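In: mind looking at a prediction? Sequence and model below.
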Amino acid sequence: MDRDTGQPQWVVEVLAQDSERGEVIRVTVTGDQPKVTTGQPVRFEGLEAIPWSNNGKAGVAYRAASILPTAPVKAA
């Protein structure tokens with residue numbers, strides 16, 4: 001639950017990929033449960049990357065206002 005709004009938070013794992021490599025990242029979305037399926041292309045609204053450091057460990061947390069399905073890319 002989000003401390004400020006009381007709304008539920010959802011963590012969605014997505015594959016962030018470019019032409020050379022990919023990485024699974026976890027993105028937190030607040031509000032209604034995201035309506036996406038495995039392998040479906042998506043887009044984020046209000047995506048933020050938030051660097052963190054705690055007890056000698058560091059990383060990046062990702063948060064978005066929403067996650068929405070996109071139309072598949074058609075081959076040329």
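Out: Done, it's in.

In: so for this structure, the centremost residue is which one?
Out: Geometric centre of the chain, nearest residue: residue 27, 2.8 Å, by CA atoms, centre = their mean.

In: and the closest residue in space to that one that isn't next to it in sequence, how far is that from residue 26?
Out: By the measure of CB to CB, 6 or more residues apart in numbering, the closest residue to residue 27 outside its immediate chain neighbours is residue 62, 4.3 Å from it. Quick note: C-beta positions are derived from backbone N, CA and C, even for glycine. Computed as CB to CB, to the nearest Å, the residue 62 to residue 26 distance reads 7 Å.

In: neighbour-wise, which of these two wins?
Out: For residue 62 against residue 26, the residue with the higher neighbour count under other CB atoms under 10 Å is residue 62, and the figures read 18 against 10.

In: give me the element that one is part of.
Out: Using DSSP states H and E, residue 62 falls within strand 57-64.
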